[in-house]
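Engineer: Need a 3D model of the sequence below.
(one chain, ligands or ions: 1)
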Amino acid sequence: MNRFGSAMILAGGKSKRMGFDKQQLSFKHMKLIDQQIEKLSHLFEDIIVVTYNPHYYQNLRCRTVCDELKEKGPLAGIHVGLKHAISQYTYVLACDMPHINRAYIRYMQQRIGIHEVDVCLTQHESKRMEPFNAFYAKSMVKKIERYLLKDKRSVCGLIAQCEAYLVDEKQARHFSPQLNMFLNLNTMEQVKKYQRQKDV
Ligand SMILES: Nc1nc2c(ncn2[C@@H]2O[C@H](COP(=O)(O)OP(=O)(O)OP(=O)(O)O)[C@@H](O)[C@H]2O)c(=O)[nH]1
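Structural biologist: Have a look, this model is predicted:
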């Protein structure tokens, strides 16, 4: 099994705040998630989209899976994505995140190379953790399953029980000064603001 061959995009949420399915978000006449798949395909040989709508992805360079443990939130997506991953570590992204930072992905891979942890993610000065734009080990599958079956859902609660490499906010800002690489679009207001700033 290789080390970093798989990436997953979570696209199985309810998008209540957006008011329409975030998998359908488009910029410049191209779906955001299709743009993510395109970008990630230059960095990872295996792209997994965790979705209940596999037909959206038929002609793209990815495969699809859907949650085994339903109605349990993003961790259930991470759970099934890791189960199907072909590599020891999988890069995890949400379908509403428009910025993919290659240098930061490489940096996290280097850190994992040295520290051999269960997860590598970023922690803000406030101690809040970013569950996406992060790496998770395939060896976490059983642990996540047990956690979800106890009806727990918090990614951060799970991380507290793991060997984690936490990149601190200051370090992350060297790669993304405004932390745009963690921007996620939950509402139309956020989409409009993003469009105004980026002219997309
Ligand atoms: N596979 C899977 N992905 C999920 C699930 N819940 C959320 N996600 C994904 O996780 C990421 C973050 O989700 P949120 O934005 O917090 O939740 P959401 O359900 O998409 O949106 P809201 O209904 O507005 O909270 C998005 O990429 C979602 O598609 C789930 O139950 N299964």
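Engineer: Which residues of the chain lie near the ligand?
Structural biologist: 10-17, 22, 50, 67, 72-74, 76-77, 94-96, 186 (Cβ under 6 Å from any ligand atom). All C-beta spots, glycine's among them, are computed from the backbone N, C-alpha and C.
Engineer: hmm, 5 Å instead?
Structural biologist: Residues of the chain lying close to the ligand by Cβ under 5 Å from any ligand atom are 10-17, 50, 67, 73-74, 77, 94-95.
Engineer: Doesn't Phe132 belong to a strand?
Structural biologist: Yes: assessed with DSSP: H, G, I helix; E, B strand; the rest coil, Phe132 lies in a strand.
Engineer: Could you count how many residues lie near it?
Structural biologist: 22 (other Cβ atoms under 10 Å).
Engineer: if we can go back for a sec, from the residues of the chain next to the ligand, which ones fall inside helices?
Structural biologist: Of those, the ones assigned to helices by DSSP state H are Pro74, Gly77.
Engineer: Please, a PyMOL command that selects the buried ones among the residues of the chain next to the ligand?
Structural biologist: With 16 or more other Cβ atoms under 10 Å as the criterion, this PyMOL line picks the buried residues out of the residues of the chain next to the ligand:
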select buried, resi 10+11+12+13+15+50+67+73+74+77+94+95
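Engineer: quick one: Thr90 from Arg102, how far?
Structural biologist: 16 Å (Cβ to Cβ, to the nearest Å).
Engineer: Those two: which is more packed in?
Structural biologist: For Thr90 versus Arg102, neighbours defined as other Cβ under 10 Å are more numerous around Thr90 (25 against 12).
Engineer: What helices and strands are in contact with the helix or strand where Gly157 lies?
Structural biologist: In this assignment (DSSP states H and E), Gly157 forms part of helix 155-159. Helix 155-159 sits against helix 74-84, strand 129-137, helix 141-149, with contacts defined as 3 or more Cβ pairs under 8 Å, 6 or more residues apart in numbering; DSSP states H and E.
Engineer: Restricting to C-alpha, output that helix in PDB.
Structural biologist: C-alpha atoms of helix 155-159 as PDB (Å, rounded to 0.1, in the frame of the first residue of the first chain):
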ATOM      1  CA  VAL A 155     -14.300  15.400  14.700                       C
ATOM      2  CA  CYS A 156     -12.400  17.300  17.300                       C
ATOM      3  CA  GLY A 157     -13.600  14.900  20.100                       C
ATOM      4  CA  LEU A 158     -12.200  12.000  18.100                       C
ATOM      5  CA  ILE A 159      -8.900  13.800  17.500                       C
END
